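Colleague: pasting a predicted model and its sequence here:
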Amino acid sequence: MTERVDFYILKDATPRQGWSFACRLTEKAYLRNLSVAILTDTEADARSLDELLWTFNERSFVPHEIFAAHAESADVSVYVTADPAQGPSADLLVNLSNRLPERPDRFGRIAEIIDADTERKRLGRERFKSYRELQLQLETHQLDALNEV
């Protein structure tokens, strides 16, 4: 059951800034022993984010993998996927895609990262309305500095 959906609103309009924030948010959750799913729009995005998770901070280590339905890696607590229907339940879903995750109730919390791009903001507002219709608790966080988590 989803406890809350947090919308993190970034002032920058580049997706890469949102991805960097997602890496820091994922690291914070991982260090708290939470399982994390990260949803991207495409497989290419998933591969790029996979690389970024290894390199975003030279002092960090967030073990993760790109989810594959045939893989048996129950011990991995962080996974990346481009398929909203794939992957096990997790404590936190970091949604970097422009779509609503399938069965949001599989995740304890959901983090929606919205940058300043006009179209992505519009799609984020649509997801906000959908979550509200599902009667989920919503919180919005306006981020001024990229180092906020």
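Modeller: Thanks, I have it. All of these numbers come straight from a predicted model, not from anything done at the bench.
Colleague: pLDDT weak spots in this structure?
Modeller: 68-75, 145-149 (pLDDT under 70).
Colleague: redo that, cut-off 90
Modeller: 1-2, 11-18, 51-77, 83-88, 102-103, 116, 143-149 (pLDDT under 90).
Colleague: that one: strands as residue ranges?
Modeller: For the chain, the strands defined by DSSP state E cover 4-10, 36-39, 65-66, 78-81, 90-95, 107-114, 138-143.
Colleague: could I get the contacting residues of residue 19?
Modeller: 48-49, 52, 96 (CB atoms under 8 Å, 6 or more residues apart in numbering). (Glycine included, C-beta is placed from N, CA and C.)
Colleague: please read the previous query as pertaining to residue 30.
Modeller: Neighbours of residue 30 in contact, by CB under 8 Å, 6+ apart: 36, 62-63, 77-78.
Colleague: hmm, back to that, reformat the strands of the chain into JSON lines and put distance to residue 129 next to each item.
Modeller: As requested, the strands of the chain are arranged in JSON lines below (distance: least, CB to CB, whole Å):
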{"stretch": "strand 4-10", "distance to residue 129": "12"}
{"stretch": "strand 36-39", "distance to residue 129": "19"}
{"stretch": "strand 65-66", "distance to residue 129": "30"}
{"stretch": "strand 78-81", "distance to residue 129": "24"}
{"stretch": "strand 90-95", "distance to residue 129": "15"}
{"stretch": "strand 107-114", "distance to residue 129": "12"}
{"stretch": "strand 138-143", "distance to residue 129": "10"}
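Colleague: most neighbours per residue, which of these?
Modeller: Neighbour counts (mean count of other CB atoms under 10 Å) averaged over each of those peak at strand 36-39, with a mean of 28.
Colleague: packing partners for that strand?
Modeller: Strand 36-39 is packed against helix 15-31, strand 78-81, strand 90-95, with contacts defined by 3 or more CB pairs under 8 Å, 6 or more residues apart in numbering; DSSP states H and E.
Colleague: ok, residues contacting the last one?
Modeller: By that I understand strand 90-95. 22, 25-26, 29, 34-39, 79, 101, 104, 106-113, 127.
Colleague: try it again with 7 Å
Modeller: Outside of strand 90-95, the residues within contact range by CB atoms under 7 Å, 6 or more residues apart in numbering are 22, 25-26, 29, 34-39, 101, 107-113.
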